[in-house]
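Student: Just need the structure, nothing else, for what follows:
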Amino acid sequence: LRVTVEECKGKVPIIVGVGTINPRSTIAMAEQAARLGADASLVVTPYYVKPTQAGLVEYFTHIAAETELPIVLYNVPGRTACDLLPETCAKLVANPKIVGIKEATGDVSRVPELRKLCGPDFLLYSGDDGTSMDFCLAGGDGSISVTANCVPKEMHEMLLAAAKGDDATANNLNGPLDLLHDRLFLQSNPIPPKWALNRMGLIDEGIRLPLTWLEQQYVAPLEEAMRAAGIDIN
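Tutor: Coordinates of the predicted model:
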């Protein structure tokens, strides 16, 4: 995080993931992120314990009261077994510390519902690259993206066009990225992105257990997607 702040502070917003299953741990990490210069906290719904919607309201309200940074909610039920519903977001948006959501269900129909319930200033970020273009065309503000780790400029241009409602340009820019969106999830994220970044010469080989390095049968399909996206790996 210190390196990120040194390199990126003032250039792009630094949103740091701090969410855990334990409120005390979440608060401690949010405080650390603030001390180190982050701009906002990304707080995922508590995983494994399957809280109620009322419990989610109390949880996020408590985190907001005990921490300094603005909060971006993170809804990814495929990983947490907990779905933060739009009507629950509508209750949380009254808290000025809660400024947006990373919505990773892949359900684009939620965008107009969230916009209607949460208002024009509540930030709506996609957390699903395969539907991020449609998410922004439907009224979303952008994406907290996996694909952008490999093709940041291309993703930025595509999402900017989509957020402006330029359907033709967005589709034209997204076409070469479609296969990469899909194949960066051939195995659990972040296995394929880390392998891809290593293949591009940007990071060293290695990943923390229980994740393991990309299996050999996925190498050629991922390389195919990288080349389709215009990444030079020859």
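Student: pretty sure residue 146 contacts residue 190?
Tutor: Yes. If you go by CB atoms under 8 Å, residue 146 and residue 190 touch, sitting 7.5 Å apart. Every residue, glycine included, has its C-beta placed from N, CA and C.
Student: buried sites along stretch 152-167?
Tutor: Neighbour-count burial for stretch 152-167, counted by 16 or more other CB atoms under 10 Å, picks out 154-156, 158-159, 161-163.
Student: Give me the contact list for it.
Tutor: By CB atoms under 8 Å, 6 or more residues apart in numbering, the residues outside stretch 152-167 that reach it are 132-137, 140-143, 145, 147-148, 169-170, 173-174, 176-177, 229-230.
Student: Output that stretch as CSV, restricted to C-alpha atoms.
Tutor: C-alpha atoms of stretch 152-167 as CSV (Å, rounded to 0.1, in the frame of the first residue of the first chain):
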residue,chain,number,x,y,z
PRO,A,152,-5.6,-0.6,-18.3
LYS,A,153,-5.7,1.9,-21.2
GLU,A,154,-8.1,-0.2,-23.3
MET,A,155,-10.5,-0.8,-20.4
HIS,A,156,-10.4,2.9,-19.4
GLU,A,157,-11.3,4.0,-23.0
MET,A,158,-14.1,1.4,-23.3
LEU,A,159,-15.7,2.2,-20.0
LEU,A,160,-15.4,5.9,-20.6
ALA,A,161,-17.3,5.5,-23.9
ALA,A,162,-19.9,3.3,-22.2
ALA,A,163,-20.4,5.7,-19.3
LYS,A,164,-21.0,8.4,-21.9
GLY,A,165,-23.7,6.3,-23.5
ASP,A,166,-21.6,5.8,-26.7
ASP,A,167,-22.8,2.3,-27.5
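Student: Checking residue 204 next. Helix, strand or coil?
Tutor: Look at residue 204: counting by DSSP: H, G, I helix; E, B strand; the rest coil, its state is coil.
Student: can you give me phi and psi for the nearest residue to it once chain neighbours are set aside?
Tutor: Spatially, and ignoring its direct neighbours in sequence, residue 204 is nearest to residue 198 (6.8 Å; CB to CB, 6 or more residues apart in numbering). Main-chain dihedrals, residue 198, degrees, to the nearest 10: phi -70, psi -40.
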